[in-house]
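1. compute the structure for the input listed below.
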Amino acid sequence: MRKRFYQALRRGAWALVGGVTLLGSSWASAQSLPELMYFKFDGTGNSVLNEAANPVAPSGTLSGTMTQGGTAQFNGGLVGDGQLSNSGNFNTGWTTSLSGSWTVSVYIQNIMNVNTNTSVNIFGSTSHTGQSIRMYTNGFGLNTLSFAMPNNQGFSPVGIPVSIGATLTVHVVHDATAQTITIYRNGVFETSVPAPSNLTVNAPAGSQLLVGGHIQSATVGRNINTGTLIDEFRLYDRALSASEIALTWNRELPVLSDCDIPDNLQVTAAGVEAVFDWVPGTTNSGYVLEYGPANFTPGNGTVVTGTLPANAPPVTITGLSPLTAYDYYLAEICNSNSDTSIVLSGSFTTLVACPVPTQFAFNPPSGSEISFSWNSLGSSFEIEYGIGGFAQGTGTIQAATGLADTIS
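-> As a prediction, the model looks like this:
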């Protein structure tokens, strides 16, 4: 079994059904875990763990009067102090280096200073030179939130309107294939500008990315205000799709766990049912399978649970609609129902409810009988026969339950 695991954080979002812990609205696909940075600001002290899948730096560091605490999107957040970044900041410890497609997202609560001429920095490098990136207020005039690079390198600055006291989650997506920089607000498309496929983001040597601030200078580079919180700072090494952004912008994502990952998942769909088969994790004690119509909101689907090994796969779900697309989420449970494995997700489409049999054949008559064979996904069949030229519905009907039968 692979041993890279994740736990969907469920604080207050779980329920017990038949002794099995279910994920409620906190389902999130494994694909959603940020590869490069994931800061949650839920701890205490000056060190903040980078919980990304392949973190570019193991942790970030708080200095000065910036702290983690309060109540943000999910538990604590990065608490602003309104000071210049040279007096204190949150330093991710990473010299920014991005190429190809990437996505950065951040939750901002009670944003301030959008109606004055003073810019407040959501994130940016300790040196505002080279090919660094920055998000800040009032770059497009009052009541705006902007994303840019120094001297407009690579693309034109892009901004969205905001009002004082607003709370929002912002995604910035560079899609190297589409050659765009796109901004989403609260999971919804906001605006887009052209950007080259070979756009490169490289901060100067020795310059690290700050969150909640920008530029360690005595005159510029102000941190987020007192009363403003930042949470869920995420950096991906790919362009998130619109559907993944819509699914994850207001959800906690998986972090490290001890559960084995279910392996070799296969879904076989028929007309009104689908069969799920996989290799369960060696030490896992149960599973949770949720499914629903395509694009359904996780937590609102149909949930199937089972214990392991008593209810081991394959698992058949019935009562589906023919020719219909469905999404699903599957996770296994371990550690006395306290942890869940990485969440597997995907889609399938049901087939025609009663498909026409194929490869129909018969053997030459033998005495007073003749045998037939065919291929079909169906489970029960009827053979009607009669004297040559008989009208369908007037012949003799014989039931069959396999893919071959004999009439006499």
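2. from now on I want contacts and neighbour counts done on CA atoms only, so please keep to that.
-> Noted.
3. next, Glu244: secondary structure please.
-> Using DSSP: H, G, I helix; E, B strand; the rest coil, the secondary structure recorded for Glu244 is helix.
4. pLDDT wise, what is it at?
-> Reading off the confidence values, Glu244 has pLDDT 81.
5. quick check: it vs Met149, distance?
-> Distance check for Glu244 against Met149: by Cα to Cα, to the nearest Å, it reads 26 Å.
6. higher neighbour count, these two?
-> Using other Cα atoms under 10 Å as the criterion, Glu244 and Met149 rank with Met149 on top: 20 against 15.
7. quick one: mean pLDDT for stretch 65-75?
-> Across stretch 65-75, the average pLDDT comes to 91.
8. name the residues of that stretch that are buried.
-> Using 16 or more other Cα atoms under 10 Å as the test for burial, stretch 65-75 gives 66-69, 72-74.
9. what's the first-to-last distance across stretch 304-323?
-> 22 Å.
10. which of the residues in that stretch are buried?
-> Neighbour-count burial for stretch 304-323, counted by 16+ other Cα under 10 Å, picks out 305-308, 312-313, 315, 320-322.
11. need the residues you listed in a markdown table (columns: distance to Ala269 and pLDDT).
-> Conversion of the buried residues of stretch 304-323 to a markdown table gives the following (distance: Cα to Cα, whole Å; pLDDT from 0 to 100):
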| residue | distance to Ala269 | pLDDT |
| --- | --- | --- |
| Thr305 | 19 | 91 |
| Gly306 | 20 | 92 |
| Thr307 | 23 | 92 |
| Leu308 | 23 | 92 |
| Ala312 | 19 | 92 |
| Pro313 | 15 | 95 |
| Val315 | 12 | 95 |
| Leu320 | 10 | 93 |
| Ser321 | 11 | 91 |
| Pro322 | 10 | 90 |
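12. inside strands: which ones of these?
-> In strands, defined here by DSSP state E, the members of the buried residues of stretch 304-323 are 305-307, 315.
13. so how far is Gly367 from the closest residue to Val211 other than its chain neighbours?
-> In space, not counting the residues next to it along the chain, Val211 is nearest to Phe123; the distance is 4.3 Å by Cα to Cα, 6 or more residues apart in numbering. Using Cα to Cα, we find Phe123 at a distance of 87 Å from Gly367.
14. of these two, give the one with the bigger neighbour count.
-> Relative neighbour count places Phe123 above the other of Phe123 and Gly367, with 25 against 7, counting by other Cα under 10 Å.
15. what ranges does the stretch 151-300 of the chain have for its helices?
-> Residue ranges of the helices in the stretch 151-300 of the chain, as given by DSSP state H, counting those that start in this stretch, are 242-248.
16. nothing else from me, thank you.
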